[in-house]
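[1] Got a sequence here, can you model it:
(chains A and B)
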Amino acid sequence: MDRLKGQTAVITGAASGIGKGIALAFAREGAQVAVADIDTARGEATAQEIRQAGGQAIFTRTDVTKPESVAKMTQAVMDAFGRITILCNNTGDAVEARRSIRIVELTDSEWNETFDLGLKSIHNCCRCIIPHMIDSGGGSIVNISSIAGTAPAFSAAFSAMKAGVIAITRALAVQYADDNIRANCICPGAIRTPGGISAAKQGIYAGINNDRIRLIERFGTPEDVANAAVFLASEESSYITATSLAVDGGMLALVSNIPPRTLDSVPKRAKRPPKGN
Amino acid sequence: MGKLENRVAVVTGGGSGLGRGMCIRFAAEGAKVIIADLKPDAAEETAAMIREKGGEALAVECNVLIAESIAAMVKTGVAAFGKIDLLSNNTGICLEARNSTRIVDLEEKDWDFTMDLNLKSTYLCCKYVIPEMIKAGGGAIVNIASIAGHKPAFSAAYGAAKAGVIALTQSVAMQYADDNIRVNCICPGPMKTPTGIMANRLGIYKQAQPARIRMLERLGEAEDIANAAVFLLSEDSSFITGTQLNVDGGSIAMTVNIPPRQK
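    Model prediction:
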């Protein structure tokens, strides 16, 4: 299990949820891991869990919306590990999904927070970390977008922000291709995280008429996303850049219903009445 | 512990190119591999390469355009290894790129052959392998499509066939989701295969400007596809179905030029 041996990874929002899953998986695959999060207690706990399992990890308290905080985090990681080769931009919040907010109700500050945490954070982190990746001869950036960034979704600001994540991923791939830096993103579907579960409770994911909404009948787990992140961070994907990978249980592919196996159980269609006149 | 331990995989077109690359990687990850190829010698050569490394493989002569041939291959494979739970539909050809053929000049038989080898073969192999997967309690399929299937490409029949592979992938994912079968496809970009090299030489991949055409300045290797296929066939991707993964060095995302550095 050494697919990331010799690599040093920064994962933002790694105190919980998907980010934590990614941090644990990266460490299991041999990477040195920096857990960057605003939540000190849970961030420390993630780093501790990695160290207890024999991995290498530090926690650095980071507000990814603040350039100064990200600069400090970067310095702390460089001091601890001497290099950074993997960056996973994972922070984001779906306030609209949690509270079923439509655009008329969406406040200015909610809009700004959504974009600052999900998108501006990528700018902040890339600015500080890409120069270090170049110094170490290249690297891999894995951004966590969402299927909301590619398919119709309820949340307006969140969807626009996540579409932005896909776009910025492609641009990063173009800009730093010659520095041997690859950039890809993952588009998770409904994942069993605090955010995902509250969105589910609000009925955001439910299809009309309670039809099933994905092919694989379960919530995704942070490990599902982490497995994809390991693949995209590792040399196994060295010919893959500027793309996005859906980890959604087939949600995006499910545009029609799955009919029952036998037609016996389907009610017969009523005969169409003859055309009037 | 390999990622495909205790699995039995069928790889069509396993005697050369991307197919051979997948066979070797699958075996290295612990799978028993059924190498289906029209050329028995080529399939046997792949099998020998696997056995040399201590893996298990079976070479089977198979014409993926003929249902009986596929049915027989499946039967032989199951007789040898007891089950089939992985399938890679990998056969394909792009006659148009080889000869720079436009649609007016495209012979009907070349259209038919392109459709058959790229698309009908996928249908037929699914038809005969899926029942075995259901018996085995589930499985995973990875179809080799192409970036030509979802972005403008020179070759008309090939592009249409590969778009068909992507659509078929999504449909089959839906049809057998409840049987615990996942179906995904890989969209390779320019690859270092005979067809890829030929197309490259003919200038198919070049843009109007003398610009580079992908972000990563190399052709893809069989190994690149094999890595992606292992991921999509392994439990690592157990929440991924009905989707497509580009392995193209950033080709399709390359809609602009990369300007020179200012300093």
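[2] So, low pLDDT: which residues of the stretch 101-250 of chain B?
    Applying pLDDT under 70 to the stretch 101-250 of chain B picks out residues B:203-213.
[3] Just give the number of residues close to the closest residue to residue A:153 other than its chain neighbours.
    Excluding its sequence neighbours, the residue lying closest to residue A:153 (C-beta to C-beta, 6 or more residues apart in numbering or on different chains) is residue A:159, at 4.7 Å. Quick note: C-beta positions are derived from backbone N, CA and C, even for glycine. The number of residues packed near residue A:159 is 22, by other C-beta atoms under 10 Å in any protein chain shown.
[4] And for the one 5 residues further on?
    With neighbours defined by other C-beta under 10 Å, the count for residue A:164 comes to 17.
[5] That one: what secondary structure?
    helix (DSSP: H, G, I helix; E, B strand; the rest coil).
[6] which ones are touching it?
    Contacts here follow C-beta atoms under 8 Å, 6 or more residues apart in numbering or on different chains; on that basis residue A:164 touches A:115, A:118, A:119, A:149.
[7] roughly how far apart are the last one and chain B?
    Spelled out, it's residue A:149. Shown here: residue A:149 relative to chain B, a distance of 14 Å by C-beta to the nearest C-beta, to the nearest Å.
[8] Could you verify my assumption that that residue touches residue A:166?
    Yes - counting by C-beta atoms under 8 Å, residue A:149 touches residue A:166, with 5.0 Å between them.
[9] Report the set of residues contacting both of these two.
    Shared contacts of residue A:149 and residue A:166 (C-beta under 8 Å, 6+ apart): A:187, A:244.
[10] Out of the contacts of residue A:164, flag the one nearest to chain B.
    Relative to chain B, the closest of the contacts of residue A:164 is residue A:149; by C-beta to the nearest C-beta it sits at 14.2 Å.
[11] List the residues that contact the closest one.
    Residues in contact with residue A:149 (C-beta under 8 Å, 6+ apart) are A:159, A:161, A:162, A:163, A:164, A:165, A:166, A:187, A:244.
[12] most neighbours, which of those residues?
    residue A:162 (28 neighbours).
[13] Spatially nearest residue to the closest residue to chain A within the stretch 51-200 of chain B, not counting backbone neighbours?
    Taking C-beta to the nearest C-beta, chain A has its nearest neighbour within the stretch 51-200 of chain B at residue B:177, 3.7 Å off. Spatial nearest neighbour of residue B:177, excluding adjacent residues (C-beta to C-beta, 6+ apart): residue A:215 at 3.7 Å.
[14] which SS class is that neighbour?
    Assigned by three-state DSSP, the conformation of residue A:215 is coil.
[15] Distance of it relative to residue A:119?
    Taking C-beta to C-beta, to the nearest Å as the measure, residue A:215 falls 30 Å from residue A:119.
[16] Of those two, which one has the most company?
    Per other C-beta under 10 Å, whichever of residue A:215 and residue A:119 has more neighbours is residue A:215, with 26 against 22.
[17] residues contacting that one?
    Contacts here follow C-beta under 8 Å, 6+ apart; on that basis residue A:215 touches A:249, A:250, A:251, A:253, A:254, A:258, B:173, B:174, B:177, B:241, B:242.
[18] Check residue A:10 too.
    Neighbours of residue A:10 in contact, by C-beta under 8 Å, 6+ apart: A:34, A:36, A:73, A:74, A:77, A:84, A:86, A:87, A:88, A:125, A:129.
[19] elements contacting the strand or helix carrying the second one?
    Element membership for residue A:36 (DSSP states H and E) is strand A:32-37. For strand A:32-37, the helices and strands in contact under the criterion 3 or more C-beta pairs under 8 Å, 6 or more residues apart in numbering or on different chains; DSSP states H and E are strand A:8-12, helix A:17-28, helix A:40-52, strand A:56-61, helix A:67-81.
[20] Run through who's touching stretch B:147-155.
    By C-beta under 8 Å, 6+ apart, the residues outside stretch B:147-155 that reach it are B:94, B:96-97, B:100-101, B:146, B:158-159, B:161-166, B:187-189, B:204, B:244, B:246, B:248, B:251-252.
[21] Of these, grab the buried ones for PyMOL.
    Buried residues among the contacts of stretch B:147-155 (16 or more other C-beta atoms under 10 Å in any protein chain shown), as a PyMOL selection:
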select buried, chain B and resi 94+96+97+101+146+158+159+161+162+163+164+165+166+187+188+189+204+244+246+248+251+252
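[22] Could you check how far stretch A:240-260 is from the centre of its chain?
    Here the centre of mass of C-alpha atoms in stretch A:240-260, compared against the chain's by C-alpha atoms, centre = their mean, to the nearest Å, lies 15 Å away.
[23] same check, this time on stretch B:9-25
    9 Å.
[24] can you give me the mean pLDDT across that stretch?
    Averaged over stretch B:9-25, pLDDT sits at 97.
[25] pull the CA atoms of that stretch into CSV?
    Backbone C-alpha positions of stretch B:9-25 (Å, rounded to 0.1, in the frame of the first residue of the first chain) are rendered in CSV as follows:
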residue,chain,number,x,y,z
ALA,B,9,-11.7,-11.2,-16.1
VAL,B,10,-12.4,-11.4,-19.8
VAL,B,11,-10.4,-9.0,-21.9
THR,B,12,-11.4,-8.8,-25.6
GLY,B,13,-8.6,-7.9,-28.0
GLY,B,14,-6.2,-9.1,-25.3
GLY,B,15,-3.6,-10.2,-27.8
SER,B,16,-2.1,-6.7,-28.4
GLY,B,17,-2.1,-3.0,-27.6
LEU,B,18,-4.3,-1.7,-24.8
GLY,B,19,-5.9,-5.1,-24.4
ARG,B,20,-2.6,-6.8,-23.7
GLY,B,21,-1.6,-4.1,-21.3
MET,B,22,-4.9,-4.7,-19.4
CYS,B,23,-4.4,-8.5,-19.3
ILE,B,24,-1.0,-8.2,-17.8
ARG,B,25,-2.0,-5.6,-15.2
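[26] That one and chain A, are they touching?
    No - judged by C-beta under 8 Å from any C-beta of the partner chain, stretch B:9-25 stays clear of chain A, getting no closer than 10.0 Å.
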